[in-house]
Each structure stands twice: as C-alpha cells, then as structure tokens.
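Undergrad: how would this look folded up:
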Amino acid sequence: MLISRVFLDRIMFLFYKKIIEDCIEKKYRELVLVEPPKEEYFGDFSTNIAMILAKKVGVSPMMLAQEIIKKLQDRAEFQKLEVKAPGFINWFVPKKIFIEHIPMMLQKKYGQINLGQGKLVSIEYVSANPTGPIHAGHMRGAVSGDVLAKLLTFVGYNVVKEFYINDAGRQIEVLARSLYSRYLEQLGLSKEDFPTDGYPGEYLVEIARKIIKIHGDKFVHQSDTKWLTFFKDFAISNIMTEIREDLSLLGVNHDVFISEANLVRSGSVEYAINLLKEKGLIYVGKLPRPKGKDNDDWEEREQLLFKSTDFGDDIDRPVQKSDGSWTYFASDIAYHLDKIKRNFLEMIDFWGADHGGYVKRMQAAVLAISDGKLELEVRLIQLVKLLEGGKEAKMSKRAGTFVTARDIVDKVGKDVVRFMMLTRRDDVQLDFDFQKVVDQSKDNPVFYVQYAYARTHSVIKLFHKTFPKVSEKTEEVNWNLLDDEDMKLVKIMADWPRQIIIAARKREPHRIATFLIELSSVFHSLWNQGKENCLLRFVIPNDLPKTIAKITMLEAMQNIVESAFDIIGITPTEELK
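TA: Numbers count the residues shown, from 1 in each chain. Next up is the predicted model:
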C-alpha cells in the first residue's frame with residue numbers, strides 16, 4: 001500500500017520506518033519494523049532490521065547496524081542514535097517533532113487510517129446454538145467480534161457482522177422434546193420422562209407457558225410427528241428473540257442472521273457438495289480408526305468424504321451421515337460458499353476454543369470452494385471464569401447450567417462487561433471477578449480508565465474557574481512550555497495510531513483496552529506528581545501560557561480516549577461518584 005507524506009506525518013512510527021527503508025536495498029524494505037523498545041531508557045523507537053538482514057548480506061548485525069547509523073546520524077529527526085547488542089538500532093525522537101505532532105492529536109479523526117480501502121469483510125461471531133440463553137463464554141466472543149468490527153470499520157473496511165444460527169441437527173430435536181416435556185409438566189399431565197440429554201433450564205418453562213397461552217392442551221394427545229416441527233420452530237423463534245435482546249443489552253447488533261436449516265432446505269448444502277464433486281474433491285471412502293479415544297462405538301463404513309488433506313488437513317472429512325443427512329461440516333461449507341457469493345474478500349470467524357480441531361477442515365473447504373483465492377481466518381476464544389470474591393460464581397437457576405449474559409450485564413452494566421472482556425488476549429482464559437469490577441480502585445481497569453477521563457474534565461473545569469476570562473481556544477499554544485513529565489503523556493498519545501494499525505492487522509481488539517490502561521497510568525502518575533509539586537500541576541494560577549499548553553494537551557488526551565471508547569463500544573463518563 002502506498003503511503004502518502006500526509007499519512008506519514010500523522011503516524012510517527014511509519015514516518016521513521018520510511019526513513020530506515022531508504023537506508024537499505026529496495027528488495028528488503030518490507031522487512032523493516034519500527035516499534036518502541038522494551039525498556040524506555042533505550043529510546044523512543046527501535047528497529048531490528050540489522051539482525052534480520054545480517055545473514056542475507058553476509059555481515060555481522062552490529063557492523064550492519066553501524067553502517068545504517070552512519071546514514072542517519074546527521075538527520076535532525078534523530079536524537080541519541082545508537083546501536084545495542086546484538087544489533088538493535090535505538091533512538092530518541094526530538095521534542096520538537098513530538099510537539100509538532102500534538103495539533104494532529106486534537107483532530108477528531110486522529111488515528112483513523114484507511115487500511116481497508118473499502119474492502120468487504122465478513123465477521124461472524126457469537127453464532128450460539130439456539131438451545132438456550134447466551135452465557136459468559138458467548139459474551140467474550142460477542143465483545144471481541146463486535147469490537148473488531150468497529151475497529152476495522154474505523155480503519156476503512158466495509159464490515160458485515162454475521163450470526164450463523166445452528167438450527168438444524170439432533171440438538172434441535174432434543175430441544176423440542178425438552179420443551180414438550182415442560183409443556184406437559186405445566187399442564188399437570190407429565191408422565192413422560194425428561195430427555196436424558198435434554199435442556200433443563202427454567203427458560204423452557206417460560207416458553208412452554210407461552211404455548212399453553214396460545215394453544216392450550218392442543219398437542220397433548222398428538223404423536224410427535226404432529227407436534228415436533230412446531231415445537232422446534234417455536235423454541236428456536238423464542239430463544240433467538242431472547243438472544244438478540246441479550247446481545248442488544250451488551251451493545252451487540254448483527255447485520256445478518258443466516259439459518260443453517262434454511263441452507264439445507266434451499267438446497268444450498270447439496271449445491272456446495274456438488275460443486276466440490278465437480279472439482280474432484282468429494283469421494284466415497286473409509287476413514288481410519290480414530291487414535292487415542294474409546295473406539296467401542298466406531299465402525300468401519302463407507303462415507304462421502306471431502307479431500308481436506310489436499311489442503312493441509314490431517315485426514316479427509318465426512319460430509320454426510322449414515323442416515324443420509326448432511327454433517328455440520330457440509331452445512332458450514334455451504335454457509336461459507338454463500339459468503340463468497342456475496343463478494344466478501346475477507347472472512348473472519350470467532351469460535352469457542354473447543355472448536356480448535358475444526359479449524360483446519362473449514363480453512364481447507366474455503367480454499368477449495370474459492371479456488372485458492374480466499375482464506376478463512378479463525379479467532380479462537382478461550383473460556384471466561386466467573387468469580388465472586390475469588391470464588392467461582394454460582395450457576396443461574398434460569399439457565400440451569402451456567403450464568404447467563406443477561407445476569408452479568410444486569411449485575412455490572414454493559415460498559416464494564418465490554419471493557420473487561422478485552423483485558424486479556426482472546427486465546428488466554430479470562431477471570432471475571434464481580435467484586436473487583438465494581439470496586440472503585442486502581443485494581444479495577446474499567447474504573448481506572450474512566451477515572452482518568454473524568455479527572456481530565458475536572459482539571460479543565462478548574463482551568464475555567466481559575467482563568468474565567470480566558471479561553472484556551474483563542475490563545476496561542478506554546479508547546480515548548482510542557483515539562484519533560486508532560487512529554488511522557490504526549491509520547492504515549494502519539495503511539496495511538498500505531499496501536500490502531502497493529503490491532504487491526506493482527507485482529508487483536510484487546511490492544512485498545514491495553515493502550516487505554518497504559519495511557520491512564522501515565523496520566524494518573526502526572527496527577528499524583530502535581531499533588532506533591534505545584535510546578536507539575538496541570539493548572540498553574542500564576543502561569544497562564546504553561547497552563548494553556550497543559551490543558552490543550554489534556555484535550556488531545558480526551559479526544560483519543562473518546563475514539564478508543566467508541567471503538568470498544570462504551571460511554572466515557574465525565575464525572576464519577
């Protein structure tokens with residue numbers, strides 16, 4: 001992607017990346033990486049390009065680094081440029097460059113970069129089986145998927161948010177029979193055993209009462225061939241309505257809902273399998289005996305198989321069951337073919353970590369049906385462990401086996417849930433302690449960040465009270481009056497565009513929350529230093545020019561926090577009780 005000069009000026013690390021690129025051969029320029037070093041005393045930026053190129057050009061990393069430095073050392077954009085073993089090039093950015101960057105931070109679109117250039121991308125997330133309310137695990141995927149959608153939209157992608165409804169297969173029949181059992185119970189007529197693998201939650205009692213209110217005992221004496229389809233459809237309709245409502249409480253609203261059952265009924269699954277047959281990728285064969293599992297129920301038989309091993313999978317995969325119905329895999333192939341037909345250029349799916357073994361086959365299928373033009377990107381979401389004061393939270397009576405999303409949102413609020421779900425990487429288990437997330441302390445990251453934002457508003461109110469006849473908007477700002485401690489805040493704010501780019505490219509929305517926590521930490525540190533040293537305060541009564549520089553700096557911080565909050569999907573709070 002070509003990067004304009006204006007683009008570089010708005011993004012400091014890319015500005016320096018371009019300078020480093022100009023120092024090396026053109027064919028190696030894409031290898032240049034510029035980022036802050038692990039320890040801030042090494043500098044503001046660092047690159048390991050000398051270590052990457054050393055083997056390619058047959059020179060030691062330290063020697064190559066010194067050669068690169070010779071081309072940079074007289075440039076005004078670098079300060080204290082040096083090499084550190086085993087070949088890192090580190091440098092500080094002159095204060096003047098950071099100061100020139102501050103007015104850009106005041107722009108509402110600061111950090112917004114057109115990476116996507118309008119590319120159409122599908123993000124599928126949640127996609128919970130419509131057999132009960134959504135729970136904490138679903139919530140984590142819901143937040144990550146939704147925030148990624150907002151993030152990619154922010155950087156110029158055309159995003160469609162999708163929910164795939166798994167409303168076909170045996171679990172839906174079990175759901176219908178569980179509901180019928182509750183229906184009989186509510187009529188006082190239950191003589192039938194509840195399905196051993198049924199859904200025990202109280203939510204089915206509520207749905208059963210709705211059926212009785214509309215239809216009375218109409219289905220009591222009917223055979224299951226008469227009532228089964230109705231109970232399936234009624235259960236799915238009611239549960240999906242509740243899932244949509246619960247997601248809406250969380251601030252999650254999908255653009256598209258795709259039904260697996262509709263794909264099967266419409267012939268889309270059969271069409272997809274026939275397409276693969278035409279490509280010579282479907283055959284009748286026998287799968288080997290599974291390893292490392294109890295194989296008592298396994299039987300060798302001929303099956304309709306997809307040649308997923310042609311695309312890197314471990315074994316070929318069945319697309320049809322012994323009773324002639326399609327496997328979930330076959331339906332998923334049809335669904336992703338539907339995405340291709342809708343002209344998506346990128347497809348991102350969020351799945352639970354327990355679906356990790358399913359990734360290779362679906363990626364193989366997407367490569368096959370797209371003739372190798374598209375790749376499926378899968379983000380696996382680890383579990384959420386709910387705690388109350390360090391102990392595991394009790395299950396929800398209504399859900400039967402888990403705590404529902406609605407329970408959690410009702411208890412702590414949408415904004416807390418959304419932020420907390422982003423405090424760790426998706427592929428790492430997350431502990432969600434109800435007690436900690438309501439405590440107003442620095443150990444609560446949600447409060448910590450909101451408190452920083454609220455404090456900036458209190459400072460600006462103090463400024464107007466101290467200087468009632470002055471508006472910082474009409475005064476010329478002398479940024480050189482900012483203290484070295486202030487510049488620490490400016491430096492981290494200047495890193496906001498880089499964080500946006502990395503989060504979008506790596507599909508890691510948690511980076512937005514991590515950035516906010518770090519930004520808040522620097523701000524709170526400044527606040528505390530001002531309590532001990534009046535010269536470091538944001539409002540200095542006898543120094544209007546310096547105060548204006550500090551206040552305008554805080555306005556830039558507010559702008560960045562508001563953008564980050566908007567991506568996360570939470571509301572900034574100007575006052576905290």
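
Undergrad: so who does the nearest residue to residue 280 once chain neighbours are set aside touch?
TA: Once flanking residues are discounted, residue 280 sits nearest to residue 307: 7.9 Å by Cβ to Cβ, 6 or more residues apart in numbering. Any C-beta I mention is one placed from the backbone N, CA and C, and that applies to glycine too. Going by Cβ atoms under 8 Å, 6 or more residues apart in numbering, residue 307 touches 280, 281, 282, 283, 316, 368.

Undergrad: okay, residue 307 and residue 229: tell me how far apart.
TA: 36 Å (Cβ to Cβ, to the nearest Å).

Undergrad: do residue 563 as well
TA: From residue 563 to residue 229 the distance is 49 Å (Cβ to Cβ).

Undergrad: equivalent analysis for residue 273, please.
TA: With Cβ to Cβ as the criterion, residue 273 and residue 229 are 25 Å apart.

Undergrad: more crowded one of these two?
TA: Counted by other Cβ atoms under 10 Å, residue 273 and residue 229 do not tie: residue 273 has more neighbours, with 21 against 11.

Undergrad: so what's that one up against?
TA: Per Cβ under 8 Å, 6+ apart, neighbours of residue 273: 282, 304, 319, 320, 326, 330, 333.

Undergrad: check residue 462 too.
TA: 538, 539.

Undergrad: my guess is it is in a helix, correct?
TA: Yes. Assessed with DSSP: H, G, I helix; E, B strand; the rest coil, residue 462 lies in a helix.

Undergrad: let me know the closest of the contacts of residue 273 to residue 240.
TA: Closest approach between those and residue 240, by Cβ to Cβ: residue 326, at 21.4 Å.

Undergrad: just checking, what packs against the helix or strand containing residue 334?
TA: Here residue 334 sits within helix 328-341, counting by DSSP states H and E. In terms of contacts (3 or more Cβ pairs under 8 Å, 6 or more residues apart in numbering; DSSP states H and E), helix 328-341 is packed against helix 260-265, helix 268-278, helix 359-369.

Undergrad: hmm, what's the outermost residue in the protein?
TA: Within the chain, the residue lying farthest from the chain centre (Cα atoms, centre = their mean) is residue 221, at 49.4 Å.

Undergrad: okay, which residue is most central for this protein?
TA: Central residue of the chain (Cα atoms, centre = their mean): residue 144, at 2.9 Å.

Undergrad: can you tell me the SS state at it?
TA: Residue 144 is classified as helix under three-state DSSP.

Undergrad: just the pLDDT for it.
TA: Residue 144 carries a pLDDT value of 97.

Undergrad: isn't it up against residue 509?
TA: Yes. Counting by Cβ atoms under 8 Å, residue 144 touches residue 509, with 5.7 Å between them.

Undergrad: now for the two: what residues contact both?
TA: In contact with both residue 144 and residue 509: residue 422, using Cβ under 8 Å, 6+ apart.

Undergrad: mind checking which helix or strand the nearest residue to residue 480 once chain neighbours are set aside is in?
TA: Counting by Cβ to Cβ, 6+ apart, residue 480 lies nearest to residue 99, which is 6.6 Å off, once chain neighbours are set aside. Per DSSP H and E: residue 99 is located in helix 95-105.

Undergrad: got the contact list for that helix?
TA: So helix 95-105 is in contact with 9-10, 12, 77, 110, 479-480, 482, 487, 490-491, 493-494, 496, 552-553, 556-557, 559-560, going by Cβ under 8 Å, 6+ apart.

Undergrad: taking those one by one, which sit in helices?
TA: 9-10, 12, 487, 490-491, 493-494, 496, 552-553, 556-557, 559-560 (DSSP state H).

Undergrad: out of these, which are buried?
TA: 10, 12, 487, 490-491, 493-494, 496, 552-553, 556-557, 559-560 (16 or more other Cβ atoms under 10 Å).

Undergrad: could you export the residues you listed as CSV, including pLDDT and distance to residue 251?
TA: Shown next, in CSV, are these (pLDDT from 0 to 100; distance: Cβ to Cβ, whole Å):
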residue, pLDDT, distance to residue 251
10, 59, 29
12, 86, 32
487, 95, 36
490, 96, 32
491, 94, 32
493, 96, 26
494, 94, 29
496, 95, 22
552, 94, 32
553, 96, 31
556, 96, 26
557, 97, 24
559, 96, 22
560, 97, 21
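
Undergrad: tell me which stretches of the stretch 1-150 of the chain form helices.
TA: 5-10, 12-21, 49-57, 61-72, 95-105, 136-154 (DSSP state H, counting those that start in this stretch).

Undergrad: can you state the direction angle for the third one and helix 61-72?
TA: Between helix 49-57 and helix 61-72, the angle comes out at 110 degrees (axes from the mean of the first three to the mean of the last three Cα atoms, to 10 degrees).

Undergrad: what's the answer for the second one, then?
TA: Compare the direction of helix 12-21 with that of helix 61-72 by the same axes, to 10 degrees and you get 100 degrees.

Undergrad: what's the answer for the last one, then?
TA: Angle, helix 136-154 to helix 61-72, by the same axes, to 10 degrees: 40 degrees.

Undergrad: and helix 136-154, how far out from the chain middle?
TA: Here helix 136-154 is found 4 Å from its chain centre; the criterion is Cα atoms, centre = their mean, to the nearest Å.

Undergrad: for the fifth one, same thing?
TA: In terms of Cα atoms, centre = their mean, the centre of helix 95-105 is set 30 Å apart from its chain centre.

Undergrad: how about the fourth one?
TA: Average the C-alpha atoms of helix 61-72, do the same for its chain, and the two points are 39 Å apart (Cα atoms, centre = their mean).

Undergrad: list the buried ones in it?
TA: For helix 61-72, by 16+ other Cβ under 10 Å, it's 61, 62, 64, 65, 66, 68, 69, 72.

Undergrad: measure the residue lying closest to residue 566 once chain neighbours are set aside to residue 247 for me?
TA: Nearest residue to residue 566 in three dimensions, chain neighbours excluded: residue 150, at 7.4 Å (Cβ to Cβ, 6+ apart). According to Cβ to Cβ, residue 150 and residue 247 sit 15 Å apart.

Undergrad: neighbour-wise, which of those two wins?
TA: Set residue 150 next to residue 247 and count neighbours by other Cβ under 10 Å: residue 247 wins out with 22 against 18.
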